Structures are given as structure tokens and as C-alpha cells.
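>>> here is my input, please return the structure:
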Amino acid sequence: MLIVFLGIVGAYRLGIKLVSLSKNKVTATAIAGGQIEKIRNLPYGLIGTTGALLPYAGGILDSSTTTFRNGVEFTIETQVKYISDEADGTGGADACNLDYKRTEVKTSWPGVFGGEVKFATDATPKNQVEELNSCTGQPAGILSVQVFDALGAMINSALIEIFNPSTGAKITDVYTSSAGKADIPLATSTYKVAVSKTGYSGERTYGTEEVATPEKPHPIVFEGQLTQNSFSIDKVGSFSADTLSTWGTGDFSDSFADESKISATSSAVVIAGEINLASTTEIGYANSGYVISKTITPLNLDKWQEFSWSDFEEPATTTVKYQALYWSGASWILIPDADLAGNAEGFTNSPVSLTNLATTTYPELRLKANLNTSHASSTPFVYSWQAIWLSGSATPIGNAAFNLRGDKIIGHDADEQPVYKYSVGHTTNSGGHKDISNLEWDSYVFSIDPATGLDLIGIDPSPQPVSLSPDAFVAVKLYLDAQNSLLVSVHDSETLAPIFSASVRLYKTGYDKTQYTDEKGQTLFVPLTAAAYTLEVQALPAYSFFSTGASVSGDNIKTVSLQEIE
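Presented below is the predicted three-dimensional model:
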């Protein structure tokens, strides 16, 4: 009987337990399901438990609470954990590693027939703003910045700096990802944004205090919203600019070191840097003789200028007379006096002006020196000669001011006039050269202020504007003109070699300027007013001081021969 009744009691207890478990489990399931539905209806940012620390999410939910149902106390435990999904990268490759939240709800009850029920659900942010707010742990808006190059390719590792536009204080800085993008959580406000990268141009936003109507104004970030901005930067390029006159000089010179520049001689010899009459053992020096230069054929001939020489004569017994020859079509003959007065007789005073010679009639010349002596024991000596002409070859203009302006604008001023991103004045050095680096790709315009007295009459390459590509170098020649100018050419009186870095001072009342000669021995004074000036040249300590007057009207050349100090 005991065995029978124990079996009956056990079966009864099992029945009661099963009924109780089933009843409590149904109740616990309903409680957990209700908690899950409550969580699903919460804003993403509020899903979490109070006081939770990463990797658990903080929010408004209690981590543990109790409730009574049907005389039974149920305990509700809630846990919310962040999950990093590999689909969008992990670690440094993911802007936010807290991709979504996984919530687990456990409902349990105590007693002899205690138990528990577990439910789980995932919650994902509905947009990027919610995701990044979750990462930062505070409500904010998102400033999304994209950076691309001139061809539209995205740029990685570009520096994005965020400033307070009122104080100029930097708030934060970030670098773009491999996708050329950065998403920055910011509180509701207006921000100044600047984008840069080493070796690249820069771009930024502007406020109305800088430009009345900015092309790229400071962005405003609102809580819970995505504000997008894009910037374009690329590798910087450079210009080299040379300021040049539209004319220059050419010259033919011979200091008679040999006969390489001589076409014909008669009873005269060229030896050791001089010409003299030939001598014979019977009678001494010949009574007369001549030397004729090789043909002088200038390139880019604009105008003949002058013919000069250096010689020595014993006034009582010797003379040298100089003439100019041209090709008649059959032979080299004297230029008629109608075009070069005094040529038939011969010139004795240096220099001789050739400015009246028409270049069409006389595109090339030869020089002739006629040596004579009245006593067989003496001879004249010719040490050098030189012909100078104006040519189309440009001459550098030093210390010339010009403006360089790009086509890109940052906005418009109060008068609705464009405000250019780059507009800077530059000045070439004494050699007429200027290097301009760190320039953004753009189309650029070169200009000259008329107040300088110079006019920009040509540019190479042309036409304007001049295009500059990213990471490119462009050499630009600016051809300038003025109504009056003076080109001073300085050379050694014996060798005719140009003298480099000779000091040349040109002055008059209201004008006083000193320049130095280049490797060609030249320097150009421009612009000038038509007037009489004083010219002083010195190349100490090797050469003696030289001073003379110089009359300027139009384009002028002044040749200066300096005597070497013994």
C-alpha cells in the first residue's frame, strides 16, 4: 500500500509541477514579449540599460526589475550589447564599430518549480546620424565631407579641420578614409571647414564677413541631420615668368686675335690682336693697305644702329679711314653717300650712325678699314671694330611689376563683383625673372598696371588665360613695351668682351636709377620720359670710371667702352 500511495503522490506532484511550470512559462513569455515590444518601439538612442559601459549600450532601461503576476514574482533582466558587423569593416577601417544593438531579455521566477524564459532582438540605426550618435554617446548632427581631385577621383588622407568661425579656434580635425570621405559628429552650430594635404592646393568655406556672397559658405549642422560638403584639391603647379622687351640688340665684333672674321686683306696683316700695314725688308711698311670683314648677316634685323672702332694713329704720318660695303648683286661695293653720308671719303671719328640704312636694301654689310702711312717707318694700328643693330631678340626687363589672377572665385562682393581665389602682385628680379610656386590648377591671367608706364603687348604661350594643370610647370614670357627706353651695352675697349655686373647709373632731375649689366654686358632702363640724362658706368677695380650724356627719345641704344686700368 505504501508503494502504491507513494506512486500516486509522486504522480500528483508531477502533475501539479507541470501545470505550474506551464502556467508560469506562459506568463513569463508574455512578460518577456511585452518587454521586447517595448524595446522595439523605443528610439535607437534610448535602447540600453542605465549605467552600462562599453561594450554594453547605455539607455533608459533597467537592467533588472520585478513584477507580480498570478501571485508569482517574476524577475526581468535586460542586457543590451553593441555588435560590430564585418560587412562594413572593423577596427580602423570602420568609422563606427558600434554598428547595431543586440538586446537579450530574461524573465525568471523562483520556487520549487522555478524557471526562466529568454528572448533576444536586434536594433539597427535607421540612418548614419543615429549610428554616429551612438558611437559618440551624445546627440549631434553629422557633417559629411567628401574630397576629390581635379578629375573627380576621391583623395584619401586629406586633412579636414573644423573651426569656430567666430573665434577661429580649432574644434577638431580628421583625415579622409580610403574612400575620400569623413563623417564628423558635431553639435548644432555653424562651422568653418578647411581641407588640405601636403603638396596639394587647399580649399575652405567662407563667412559673409569675408565675402558678401560666398560660393562655399560655412555649413550649418543640425542635431539629428546629415549635412554634406564636398571639396576639390589637387597637386600644386608652378609658373616661371620672364619680363622682356620687344626688342634687343645684336652685334658683330672683332678684336683681331686671328683672321677668322676677315674676308680679304691687301698689304695689311692681322696679328696678336691688331691690324697694321704689312712690312718689307726693303722699304719698311707699305704705303697703304686695307682689311675687309666677313659678311655681317643679322638675325631678326629690325634696324642698323652704329659702327665703331678702336685704333691708334700717329697724326703726322698715319691715318685709318673706315667704310661700309653692301652686296650689289654682283659684288661688294661702297654704300652710296646718299644713304650713308661720308662713306665714299671714309670715316675717321667713331662711332658712325647706321640708322638711316634701310634694312630691305642693306640686309647685310661688310666693314672695311683703309690704312695709310706717309713714312715707311710708321704704321697705324686697328685694335677692334664693332657693328650694332636692333633685333627682334628680346631683352630682359628687370624689377617689372605684374599681377597674376586665377579664374576661380570664392564669391561676390557687395557690388556683385567676383572675388577671385588667387590675385597676387609679383615683381621680377634684376634679371627679369620670377618663379611662382604652390599654385592651384586653374586658368590664369597676367596683367600690367598702366600706372607703371609699361604695356603688356604679348605673351608666350598665348592666348590668355594660361592654363595650369595639377603638378605642372609652365614657363611664361611677358613682352612689355614703353614709349621711351635706353639699352646700355658695356664692353671692354680692347677685347670688346661684354662686362658683367658693371654698375650703370642713369639720372636727371626727378629720376635716378642704378642697374647692373647681365652676362651680355647689357641693362635696359624702362620706362623713361623723353629727356636728356647723365649716364655713369663703372666696373671697379678693373676698369676706369665713365660718364657721358644720353638723350632718350623712343627706343635708344648706348654703347660704352671701358678702358682697363693698367
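
>>> rest of the way, CA atoms for contacts and neighbours
OK.

>>> give the residue spans of the protein that score low on pLDDT.
Low-confidence segments of the chain, defined by pLDDT under 70: 9-21, 87-97, 112-113, 126-140, 281.

>>> and the helices in it, which stretches?
Secondary structure of the chain (DSSP state H): helices located at 2-40, 128-136.

>>> and stretch 539-555, which residues are buried?
Counting neighbours by 16 or more other C-alpha atoms under 10 Å, one finds that the buried residues in stretch 539-555 are A539, Y543, A550, V552, D555.

>>> what's the separation between the closest residue in space to the second one that isn't next to it in sequence and F312?
Yep, that's Y543 we're talking about. Take Y543 and drop its neighbours on the chain: the residue closest to it by C-alpha to C-alpha, 6 or more residues apart in numbering is E564, 4.4 Å away. Spatial separation of E564 from F312 under the definition C-alpha to C-alpha, to the nearest Å is 16 Å.

>>> picking that back up, what about the buried residues of stretch 539-555, which are in strands?
In strands, defined here by DSSP state E, the members of these are A550, V552, D555.

>>> what is the nearest of those residues to L528?
Within those, the smallest distance to L528 is 7.8 Å, found for V552 (C-alpha to C-alpha).

>>> residue contacts, D435?
S238, F239, S240, A241 (C-alpha atoms under 8 Å, 6 or more residues apart in numbering).

>>> 7 Å - rerun?
F239, S240, A241 (C-alpha atoms under 7 Å, 6 or more residues apart in numbering).

>>> show me what the last one is bridged to.
What it means is A241. Note on A241: beta-bridge partners K434, V476, judged by DSSP bridges.

>>> that one and F473 touch, don't they?
No: counting by C-alpha atoms under 7 Å, no contact exists between A241 and F473, whose distance comes to 11.0 Å.

>>> who has more neighbours, those two?
The residue with more neighbours, out of A241 and F473 and counting by other C-alpha atoms under 10 Å, is A241; that gives 22 against 16.

>>> could I get the contacting residues of the more buried one?
H433, K434, D435, A475, V476, K477.

>>> how about K101?
Contacts of K101 were listed using C-alpha under 7 Å, 6+ apart, and they are V80, K81, Y82, I83, D122, A123, T124.

>>> now rank these by neighbours and give me the top one.
Neighbour tally across these (other C-alpha under 10 Å): the maximum, 25 neighbours, falls on V80.

>>> wait, G458 touches V476, no?
No: G458 is not in contact with V476 according to C-alpha under 7 Å; the separation is 10.6 Å.

>>> and stretch 366-382, what's buried?
Counting neighbours by 16+ other C-alpha under 10 Å, stretch 366-382 gives 366-373, 378-382 as buried.

>>> also stretch 153-166?
Within stretch 153-166, the residues that count as buried by 16+ other C-alpha under 10 Å are M154, I155, N156, S157, A158, L159, I160, E161, I162, F163, P165.

>>> so what's the nearest residue to V504 once chain neighbours are set aside up against?
With C-alpha to C-alpha, 6+ apart as the criterion, V504 has its nearest non-adjacent residue at 4.6 Å, and that residue is V537. V537 makes contacts with A502, S503, V504, R505, F545, F546, S547, as judged by C-alpha under 7 Å, 6+ apart.

>>> so V537 bridges to which residues?
Assessed by DSSP bridges, V537 has beta-bridge partners V504, F546.

>>> gap between it and L46?
For V537, the distance to L46 (C-alpha to C-alpha) stands at 88 Å.

>>> again, but for I275
Here I275 is placed at a distance of 108 Å from L46 (C-alpha to C-alpha).

>>> okay, these two: which has more neighbours?
Relative neighbour count places I275 above the other of I275 and L46, with 25 against 15, counting by other C-alpha under 10 Å.

>>> any idea how far the more buried one is from V291?
Distance from I275 to V291, counting by C-alpha to C-alpha: 8 Å.

>>> likewise for S232?
Counting by C-alpha to C-alpha, the gap from S232 to V291 is 71 Å.

>>> same question for G34.
Between G34 and V291 the computed distance is 122 Å (C-alpha to C-alpha).

>>> neighbour count: those two, which is higher?
Per other C-alpha under 10 Å, whichever of G34 and V291 has more neighbours is V291, with 23 against 12.

>>> show me the protein divided up by domain.
Per the record's domain assignment (automatic domain parsing), the chain is made up of the domains 22-86+95-124, 140-232, 248-391, 396-481, 485-562.

>>> nearest to I8, out of the ones you listed?
Across the domains of the chain, I8 has its closest neighbour in domain 22-86+95-124 (19.2 Å, C-alpha to C-alpha).

>>> span of the closest one from start to end?
Here the two ends of domain 22-86+95-124 are set 34 Å apart, with distance taken as C-alpha to C-alpha.

>>> and for F68, nearest residue in space, chain neighbours not counted?
Among residues not flanking F68 along the chain, F74 sits closest, at 6.0 Å (C-alpha to C-alpha, 6+ apart).

>>> who touches the one you found in this structure?
The contact partners of F74, by C-alpha under 7 Å, 6+ apart, come to T66, T67, F68, T107, S108, W109.

>>> look up how far V117 lies from it.
From F74 across to V117, the span is 11 Å (C-alpha to C-alpha).

>>> before we move on, back to that, can you pick the most crowded of the contacts of F74?
The most neighbours of any of those, using other C-alpha under 10 Å, belong to T107, which has 27 neighbours.

>>> which non-adjacent residue is nearest it?
In this structure, T107 finds its nearest non-sequential neighbour in I76, 4.6 Å apart by C-alpha to C-alpha, 6+ apart.

>>> coming back round to it: and the contacts of V537, which is closest to E519?
A502 (10.0 Å).

>>> count of neighbours near that closest one?
Residues lying near A502 (other C-alpha under 10 Å) number 23.

>>> then the one 5 residues further on?
For Y507, the number of neighbouring residues by other C-alpha under 10 Å comes to 17.

>>> quick one: contacts for E161?
If a contact means C-alpha under 7 Å, 6+ apart, then E161 has T172, D173, V174, V193, A194, V195 as its contacts.

>>> and those as CSV, adding distance to I283 and neighbour count?
Written out in CSV, the entries for the contacts of E161 read as follows (distance: C-alpha to C-alpha, whole Å; neighbours: other C-alpha atoms under 10 Å):
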residue, distance to I283, neighbour count
T172, 101, 12
D173, 99, 14
V174, 99, 15
V193, 97, 25
A194, 93, 17
V195, 92, 26
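
>>> and the two most separated of the residues you listed?
The distance between the two most remote of the contacts of E161 (C-alpha to C-alpha) is 12.4 Å, for T172 and V195.

>>> now for I436: which residues touch it?
With C-alpha under 7 Å, 6+ apart as the criterion, the residues that contact I436 are S238, F239, S240.

>>> from D173, how far off is E209?
24 Å.

>>> coming back round to it: dump the contacts of I436 into a markdown table; add neighbour count and distance to L468 as well.
Output for these, formatted as a markdown table (neighbours: other C-alpha atoms under 10 Å; distance: C-alpha to C-alpha, whole Å):
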| residue | neighbour count | distance to L468 |
| --- | --- | --- |
| S238 | 20 | 8 |
| F239 | 17 | 8 |
| S240 | 15 | 12 |
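
>>> follow-up on the earlier one: closest to G7 among the contacts of E161?
Using C-alpha to C-alpha, the shortest approach to G7 within these belongs to V174, at 75.8 Å.

>>> wait, what's in contact with the residue lying closest to the closest one once chain neighbours are set aside?
With sequence-adjacent residues excluded and distances taken as C-alpha to C-alpha, 6+ apart, V174 is closest to I160, at 5.3 Å. Taking C-alpha under 7 Å, 6+ apart as the contact definition, I160 lies against D173, V174, Y175, V193, A194, V195, S196.

>>> before we move on, the earlier item: turn the contacts of E161 into JSON lines, columns for distance to G248.
Written out in JSON lines, the entries for those read as follows (distance: C-alpha to C-alpha, whole Å):
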{"residue": "T172", "distance to G248": "58"}
{"residue": "D173", "distance to G248": "55"}
{"residue": "V174", "distance to G248": "56"}
{"residue": "V193", "distance to G248": "51"}
{"residue": "A194", "distance to G248": "48"}
{"residue": "V195", "distance to G248": "47"}
